[in-house]
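J.: Need coordinates for the below:
(2 chains)
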Amino acid sequence: GAVVSQHPSWVICKSGTSVKIECRSLDFQATTMFWYRQFPKQSLMLMATSNEGSKATYEQGVEKDKFLINHASLTLSTLTVTSAHPEDSSFYICSARDGTGTSNQPQHFGDGTRLSIL
Amino acid sequence: QKEVEQDPGPLSVPEGAIVSLNCTYSNSAFQYFMWYRQYSRKGPELLMYTYSSGNKEDGRFTAQVDKSSKYISLFIRDSQPSDSATYLCAMSGNQFYFGTGTSLTVIP
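T.: You can find the predicted model right below:
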């Protein structure tokens, strides 16, 4: 149980393009989803917390107009990297929390999206 | 002081060895403790989840929590090359915190 699907797994696109990444909880409802960025051989960096039906909460230093998050249902959150540039190239990972969304439930992660901007 | 401290390694052991991975934390409000395994270019996978002091065993993995010392451990018995990965500890109270991860290589 507790499977999170993330799509696409790898995307290469030109500078200036907007890229959408989907995160789905397949067998549970997730009132809260999280978006992380990870650089090579570094730990996860939380970008934003996405709550179903409300605006996402962004971490300090993360541009909300650059990284648009939509959590329209209990099983789907999307991250759109707008007007992507080479410095946005990274590994993006989503996670979802089961149940009522209390912070005590473990997060379940997708397999990540490798974004390469040329 | 960071909320969660984890030695990044790298840690290299021969196949069959017992591996000990550790994290310390400073916030006594943490009540739930997790260990994740992350293979290269994959998302973290939940290995162990516990909310009390003591030991929890699952196959070759044992998670140990010592709340009085604010110290958690993950033991891997009979380590296999397939255990080679980065292991992240995580804990939560009001918020969720990850360690930086320990890179483990099990040599055949």
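
J.: And A:Gly101, what's its pLDDT?
T.: We have a pLDDT of 51 for A:Gly101.

J.: Please apply the same query to the one 5 residues further on.
T.: Note on A:Pro106: pLDDT of 89.

J.: Any stretches of chain B with poor pLDDT?
T.: Counting by pLDDT under 70, chain B shows low-confidence ranges at B:1.

J.: let's see 90
T.: For chain B, applying pLDDT under 90 flags the ranges B:1-3, B:7-9, B:27-31, B:41, B:51-54, B:92-96.

J.: How about the residues of chain B by chain A?
T.: Proximity of chain B to chain A is confined to B:31-32, B:34, B:36, B:41-46, B:49, B:51, B:88, B:90, B:92-96, B:98-101, B:103 under the rule Cβ under 8 Å from any Cβ of the partner chain. Heads up, the C-betas are built off the backbone N, CA and C, glycines and all.

J.: What about those residues, which are in helices?
T.: Assigned to helices by DSSP state H, none of the residues of chain B next to chain A qualify.

J.: Buried subset of the residues you listed as a ChimeraX selection?
T.: Buried subset of these, written as a ChimeraX selection, criterion 16 or more other Cβ atoms under 10 Å in any protein chain shown:
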select /B:31,32,34,36,42,43,44,46,49,88,90,92,93,96,98,99,100,101,103
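
J.: And the strands in chain B, which stretches?
T.: Counting by DSSP state E, chain B has strands at residues B:4-6, B:11-14, B:19-25, B:32-38, B:45-50, B:54-58, B:61-66, B:71-76, B:85-92, B:96-98, B:102-107.

J.: quick one: which of these is nearest A:Ser77?
T.: When the strands of chain B are compared by Cβ to Cβ, strand B:96-98 sits nearest A:Ser77, at 16.2 Å.

J.: Which one of the strands of chain B lies nearest to A:Lys14?
T.: Closest approach to A:Lys14 among the strands of chain B (Cβ to Cβ): strand B:32-38, 29.7 Å.

J.: Check which helices and strands that closest one is in contact with.
T.: Here strand B:32-38 touches strand B:45-50, strand B:61-66, strand B:85-92, going by 3 or more Cβ pairs under 8 Å, 6 or more residues apart in numbering or on different chains; DSSP states H and E.

J.: Report the distance from it to the chain centre.
T.: Its chain's C-alpha centre and that of strand B:32-38 lie 6 Å apart, by Cα atoms, centre = their mean, to the nearest Å.

J.: Contacts made by it with the rest, please.
T.: Residues outside strand B:32-38 that contact it (Cβ atoms under 8 Å, 6 or more residues apart in numbering or on different chains) are A:104, A:106, A:109, B:21, B:44-51, B:61, B:63, B:65, B:72, B:74, B:83, B:85-93, B:98, B:101.

J.: that older thread, okay, the helices and strands packed on strand B:32-38 in a markdown table with distance to A:Ile12 next?
T.: Converted to a markdown table, those look like this (distance: least, Cβ to Cβ, whole Å):
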| stretch | distance to A:Ile12 |
| --- | --- |
| strand B:45-50 | 26 |
| strand B:61-66 | 37 |
| strand B:85-92 | 25 |
